[in-house]
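1. Kindly generate the corresponding structure for this input.
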Amino acid sequence: MWPEPKVDPLPGHGKECPKCHKGHLVTKEFVSKRDGKPFRKLACDQWPACDHGEFPDRAEGGGGGTPPRTDVPPADGHGKKCPGCGKGKLVTKQFTSRKDGKPFIKLTCDQYPACSYGEFPDRKDSAPAGGRGTMRRQAAP
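-> Take a look at the predicted model:
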């Protein structure tokens, strides 16, 4: 049996490391260098020989720990074929900005993580997250 962590264990605590297959994942708590806030992650107990780590607290693409909302009204383009992989369909999700805490809408492929394509329907003048499109430069004031 694996020792109980000093912090609340994350889902996956004690499972075999998917990278080295020798160690097991243990819950560790760290302090962010950026904002000084604590965060938890699963890390391989064979570190430094294995540097694998997972962040189950963080949501898909968000990185801030708050999962994206999927119960939002469909945006323009919801349900269309994904231009990134050609297999999935785009779904509307609402994320929260880590920078200013404001919500924003993003269309993402339902085949994530196999396809990470996404686009921002509210930002018509910017390139989609998948890198397709053009950027318009604003004139300097």
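2. How much space separates K6 from G84?
-> Separation of K6 from G84 (Cβ to Cβ, to the nearest Å): 41 Å. Glycine gets a C-beta too; all of them are placed from N, C-alpha and C.
3. Of the two, which one has the most company?
-> Of the pair K6 and G84, G84 is the one with more neighbours under other Cβ atoms under 10 Å, namely 23 against 9.
4. How about the more buried one: what's its closest non-neighbour residue?
-> Y117 (2.7 Å; Cβ to Cβ, 6 or more residues apart in numbering).
5. Provide a list of residue ranges in the chain with pLDDT below threshold.
-> 1-5, 57-67, 124-141 (pLDDT under 70).
6. tell me how far the host helix or strand of V91 is from the chain's mean position?
-> Using DSSP states H and E, V91 sits in strand 90-96. Between the centre of strand 90-96 and the centre of its chain there are 12 Å (Cα atoms, centre = their mean, to the nearest Å).
7. Buried residues, it. List them.
-> For strand 90-96, burial by neighbour count (16 or more other Cβ atoms under 10 Å) applies to 90-93, 95-96.
8. what does stretch 32-51 give?
-> 39-44, 46, 50.
9. Quickly list the domain ranges of this protein.
-> According to automatic domain parsing, the chain comprises the domains 1-57, 59-141.
10. centre of the chain versus the first one, how much separation?
-> Put plainly, it is domain 1-57. On the basis of Cα atoms, centre = their mean, domain 1-57 sits 17 Å off its chain's mean C-alpha point.
11. With stretch 88-97 instead?
-> Distance, centroid of stretch 88-97 to centroid of chain: 12 Å (Cα atoms, centre = their mean).
12. From the rest of the structure, what touches that stretch?
-> Here stretch 88-97 makes contact (Cβ atoms under 8 Å, 6 or more residues apart in numbering) with 61-62, 64, 66, 68-70, 72-75, 77-82, 102-111, 115, 117, 119.
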